[in-house]
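Undergrad: pasting the sequence and the predicted coordinates here, then a few questions.
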Amino acid sequence: MPGLYTDEFVERLRQGALSLVGEWGLSPETTVELLNISENATFRAVDPRVGQPLVIRVHRPHYHTREEILSELAWIDALCDAGFVTIARPVPLRNGGRIAQFTLGDDVRDVVAFAFMPGREPSAEEDLEDGFRKLGAISARLHRQTRSWKRPPGFIRKTWNFDTTVGRTPYWGDWREGLGLETEGRAVLERTAAVLESRLAAFGRGEDRFGLIHADLRLANLLVDGSRIGVIDFDDCGFGWFAFDFAAAISFIETDPSIPKLQAAWIGGYREVEPLDAASEAEMPTFIMLRRLQLTAWIASHRETPTAREMGTAFTDGTIAIAESYLTSR
């Protein structure tokens, strides 16, 4: 969306969030400041009369329906009630509702709020092995809960299969539009996509391999506070392969030399909680490749974003290099 990252546009989003703080019972003295903007924008609301800040998330339009947002919040509520992972609980409106709204231009923006969670984002520059072991255990607990949880009526989230990630109906755009992608590289990625489709079809979508997942457990969505790892941003949660949660965890650092060590740590932590079959472990390169190609599509369709500008054509070149290595090993 052109103009999405201008200071003027962000200020309009902030003003929209500020106009709604009373919906959560906050006073007119409340201040609202930007925390992060990617597609959704998140703001921290601080009311001097209230002890804890509130995190307000302004949704991008035309991505999730209200029913999908309510379903996300229902899963988070269930996870918070279960208590086996630290997650920011959704905060209802004063009237008991879950979603507020304001209008910006021609779009109605859905807005939700969460309790503030302290912590820092892990850095790719630090030793992440212990953290990935913990993350593997967290992932296993999430997956165990989704296998047994009785979802409420009307629960709906997107499905992350081959077609919706990098195939015929991708939610995040077409990787063929990758920044700087030329004929030779496109041919490599076409072959790679065909292999991915074939292997994922053979791998299957049995209940032990496919279900409700976070789908975006990358470093930016983790908050470390001492020995605790908190999980945030379930905005992309949906139905996908359980092993995909590891691939998402290494988003943007797939070429780091530590990845084999982090994968082993994640699998070890996972198996301390739940079984992970040998076939899932063997297909980890497939899920890493799937995620990398999906991210290449996202950068192509969001080239105005700070992330896309930072990654540039080098990210596409890296995807081709990973794909060549993947094809060789398959």
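TA: That came through, no problem. Just so it is clear, the model here is predicted, and its values are computed rather than measured. Numbering: from 1, shown residues only.
Undergrad: can we go C-alpha only for contacts and neighbour counts from here?
TA: Will do.
Undergrad: can you pull out the strands in the stretch 151-300 of the chain?
TA: With DSSP state E, counting those that start in this stretch as the criterion, the stretch 151-300 of the chain has strands at 210-213, 222-225, 228-231, 238-241.
Undergrad: could you dump the ones you listed to CSV with mean pLDDT, distance to V21 and mean neighbour count?
TA: Shown next, in CSV, are the strands of the stretch 151-300 of the chain (pLDDT from 0 to 100; distance: least, Cα to Cα, whole Å; neighbours: other Cα atoms under 10 Å):
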stretch, mean pLDDT, distance to V21, mean neighbour count
strand 210-213, 98, 31, 21
strand 222-225, 97, 25, 18
strand 228-231, 97, 24, 19
strand 238-241, 98, 29, 22
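Undergrad: just put the ones you listed in TSV and tack on distance to G204.
TA: Putting the strands of the stretch 151-300 of the chain into TSV (distance: least, Cα to Cα, whole Å) gives the following:
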stretch	distance to G204
strand 210-213	8
strand 222-225	29
strand 228-231	28
strand 238-241	9
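Undergrad: quick one: closest of those strands to A193.
TA: strand 238-241 (16.8 Å; Cα to Cα).
Undergrad: could you list every helix and strand in contact with that closest one?
TA: Counting by 3 or more Cα pairs under 8 Å, 6 or more residues apart in numbering; DSSP states H and E, the packing neighbours recorded for strand 238-241 are strand 210-213.
Undergrad: kindly export the strand it packs on (C-alpha atoms) in PDB.
TA: Extracted in PDB, the C-alpha atoms of strand 210-213 (Å, rounded to 0.1, in the frame of the first residue of the first chain):
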ATOM      1  CA  PHE A 210      -1.000 -30.800  10.400                       C
ATOM      2  CA  GLY A 211      -3.200 -28.600  12.600                       C
ATOM      3  CA  LEU A 212      -3.600 -25.200  14.100                       C
ATOM      4  CA  ILE A 213      -0.200 -23.500  14.400                       C
END
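Undergrad: report all helices and strands that that strand contacts.
TA: Judged by 3+ Cα pairs under 8 Å, 6+ apart, strand 210-213 is in contact with helix 129-148, strand 238-241.
Undergrad: what sits against P48?
TA: Contacts for P48 were tallied using Cα atoms under 8 Å, 6 or more residues apart in numbering; they are 29-30.
Undergrad: helix or strand for it, which one?
TA: If you go by DSSP states H and E, P48 is not part of any helix or strand.
Undergrad: roughly how far does it sit from T30?
TA: P48 sits 7 Å away from T30, taking Cα to Cα, to the nearest Å as the criterion.
Undergrad: which of the helices and strands packed on strand 210-213 sits most buried?
TA: Among those, strand 238-241 has the highest mean neighbour count (mean count of other Cα atoms under 10 Å), at a mean of 22.
Undergrad: how about that one as PDB, C-alpha atoms only?
TA: This file holds the C-alpha atoms of strand 238-241, laid out as PDB (Å, rounded to 0.1, in the frame of the first residue of the first chain):
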ATOM      1  CA  GLY A 238      -3.900 -20.900  11.000                       C
ATOM      2  CA  PHE A 239      -3.900 -24.500   9.900                       C
ATOM      3  CA  GLY A 240      -0.600 -25.700   8.700                       C
ATOM      4  CA  TRP A 241       2.200 -28.300   9.100                       C
END
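Undergrad: any idea how far it is from the chain center?
TA: 12 Å (Cα atoms, centre = their mean, to the nearest Å).
Undergrad: next up, the contacts around W298.
TA: By Cα under 8 Å, 6+ apart, W298 lies in contact with 172-175.
Undergrad: switch the cut-off to 6 Å
TA: Listed by Cα atoms under 6 Å, 6 or more residues apart in numbering, the contact set of W298 reads 172-173.
Undergrad: give me the buried positions along stretch 77-92.
TA: In terms of neighbour count (16 or more other Cα atoms under 10 Å), stretch 77-92 has its buried residues at 77-80, 85-92.
Undergrad: contacts for that stretch, please.
TA: Contact partners of stretch 77-92, identified using Cα under 6 Å, 6+ apart, comprise 98, 113-115, 230-231.
Undergrad: dump these to TSV, plus distance to E254.
TA: What follows is those, written out as TSV (distance: Cα to Cα, whole Å):
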residue	distance to E254
R98	37
A113	32
F114	31
A115	32
G230	22
V231	21
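Undergrad: closest to E190 among those?
TA: Ranked by distance to E190 (Cα to Cα), the contacts of stretch 77-92 are led by V231 at 34.3 Å.
Undergrad: I'd say the closest one and L222 touch.
TA: Yes. Applying Cα atoms under 6 Å, one finds V231 in contact with L222, separated by 4.9 Å.
Undergrad: quick check, E68 in contact with R157.
TA: Yes. Using Cα under 6 Å, E68 is in contact with R157, at 5.4 Å.
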